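1. When you get a sec, could you give me coordinates for this:
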Amino acid sequence: MSITHYDPLSTSLRRFEDAVSHLMSEPRSARPWSPAVDIFETENEIVLRADLPDVELNDIDVRIENQTLTLKGERKFEATDGHKGFHRIERSFGTFMRSFAVPATLETDRVNAELKNGVLTIRLPIKEAAKPKQVKIEVRA
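-> Next comes the predicted model:
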């Protein structure tokens, strides 16, 4: 009976390399893409910013239904006849969809969306009743 040395690090690295190889060998169309989104709150609104480079405005659909904001669209692959052939294609193309829960404290009928320099900015105003109010209290002696 021979004794072999077990190295957990090399086993983990081998599994990682196998997973990366498998991922890279998949056709690009099989991997969906999803735009990166930042969400932050100001005093008067909640703002979502989505990175959508090379996505045309008419290829974007923003809707709010049942307290859910859904962002759908498509980034199209444009192969031009002037190219002799691609050496590498790393950017993702195809359809995407992101959904976010929308609190009832927002005015969903006053949503504003703007696409500028490949960044989609969606503004959702906060209802006046939901904004914090400061009440001055007088102290009587």
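2. which residues in the chain form helices?
-> 8-25 (DSSP state H).
3. For it, just list every one of the strands.
-> 37-41, 45-51, 60-65, 68-75, 94-101, 112-116, 119-125 (DSSP state E).
4. closest to residue 19 out of those?
-> For these, the distance to residue 19 is smallest for strand 94-101, at 22.1 Å, taking Cβ to Cβ. In short, each C-beta sits where N, CA and C put it, glycine included.
5. Report the buried residues of that closest one.
-> 96, 100 (16 or more other Cβ atoms under 10 Å).
6. what's the spacing between residue 66 and residue 50?
-> 21 Å (Cβ to Cβ, to the nearest Å).
7. the more surrounded of those two?
-> residue 50 (24 against 7; other Cβ atoms under 10 Å).
8. Does the more buried one touch residue 71 like I think?
-> Yes: Residue 50 is within contact range of residue 71, at 6.2 Å (criterion: Cβ atoms under 8 Å).
9. Mutual contacts of those two, please.
-> Listed contacts common to residue 50 and residue 71 are 35, 37, 98, 120, 122; contacts here mean Cβ atoms under 8 Å, 6 or more residues apart in numbering.
10. and residue 84, which of the strands of the chain is closest to it?
-> With Cβ to Cβ, the closest approach to residue 84 among those belongs to strand 68-75: 23.3 Å.
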